[in-house]
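Chemist: With the sequence up front, the predicted model follows.
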Amino acid sequence: MKALFQSLFIMICLSACAANHTKVPDDVIKVSQPYSGTQPKALDTERADRQALEICRDRGFTGAEQLGTEQQVCAKYTGWYQCFYHEVEQQYQCTNH
């Protein structure tokens, strides 16, 4: 009986965790461009737009529009918590316009 209650409790917890996890829609994509160094680099928007359009077309859409602004992200830290490997990311919305 105790095992049954434990199993039921675990199932409820897993269901609650799954409900709290938000899934990114299939029509929202992220394009990343890695770089190294200490100074932030701007997104190569022409290249990013081409990459986004290609990804969206592969998913059955006809276009891609930028969402928000580009984000600077640390991809890998080196010693002493200094970021050396960076990525600049941009989200896109795939469209059928």
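Modeler: Received the coordinates, thanks. No experiment lies behind these values; they were computed from the predicted model shown.
Chemist: Test of understanding: give the bridge partners of the residue nearest to residue 34 when sequence neighbours are not counted.
Modeler: Ranked by C-beta to C-beta, 6 or more residues apart in numbering and with sequence neighbours excluded, the top spatial neighbour of residue 34 is residue 87, at 5.0 Å. The C-beta positions use only the backbone N, C-alpha and C, and glycine is treated the same way. Residue 87 has these beta-bridge partners by DSSP bridges: residue 34, residue 73.
Chemist: count of residues packed around residue 87?
Modeler: Using other C-beta atoms under 10 Å, residue 87 is surrounded by 17 other residues.
Chemist: ok, it to residue 46 distance?
Modeler: 18 Å (C-beta to C-beta, to the nearest Å).
Chemist: Same question for residue 27.
Modeler: Counting by C-beta to C-beta, the gap from residue 27 to residue 46 is 22 Å.
Chemist: now residue 68
Modeler: Residue 68 is 18 Å from residue 46, by C-beta to C-beta.
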